[in-house]
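> the following block contains a protein sequence and its predicted model.
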Amino acid sequence: MSPACRTWRDVARPTIARVLHETAGQTEAEIKCALFAAYPFFERRFWPYRVWLDEIKIQRGFKRAPWQAKANRPPDPRQLTIFAEQEERGKNDQSKA
């Protein structure tokens, strides 16, 4: 991915990870101060700041990333399996042979 195509999250992610690694074991106030000082963008407004805060929540475990929430969600018990009948037929055919 070229530097011109990087997203705000791509820029924020390694900075937050580095600060959290450096402040491991410190108090909550010290971690917040270090994250505040490490903010890599211009003023704390608009979309970049929202992405920064969101990524902090994700990396600290206070929020699940959207891709994690969908991947780890258990299937709806009311949902039917599309190929269940075909799988059952295939098992029955194999047992007869």
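On my side now, so go ahead.

> please export the C-alpha coordinates of whichever strand or helix holds residue 17 as CSV.
For residue 17, the host element (DSSP states H and E) is helix 8-22. Backbone C-alpha positions of helix 8-22 (Å, rounded to 0.1, in the frame of the first residue of the first chain) are rendered in CSV as follows:
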residue,chain,number,x,y,z
TRP,A,8,-6.2,7.7,9.2
ARG,A,9,-6.4,4.3,11.1
ASP,A,10,-3.3,3.0,9.4
VAL,A,11,-1.4,6.0,10.6
ALA,A,12,-2.8,5.9,14.1
ARG,A,13,-2.6,2.1,14.8
PRO,A,14,1.2,1.8,15.2
THR,A,15,1.5,5.0,17.2
ILE,A,16,-1.1,3.8,19.7
ALA,A,17,0.5,0.4,19.9
ARG,A,18,3.9,1.9,20.6
VAL,A,19,2.5,4.2,23.3
LEU,A,20,0.6,1.4,25.0
HIS,A,21,3.7,-0.9,24.9
GLU,A,22,5.8,1.9,26.4
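
> list the helices and strands it packs on?
helix 28-37, helix 46-60 (3 or more CB pairs under 8 Å, 6 or more residues apart in numbering; DSSP states H and E). In short, each C-beta sits where N, CA and C put it, glycine included.

> how near is residue 51 to residue 12?
6 Å (CB to CB, to the nearest Å).
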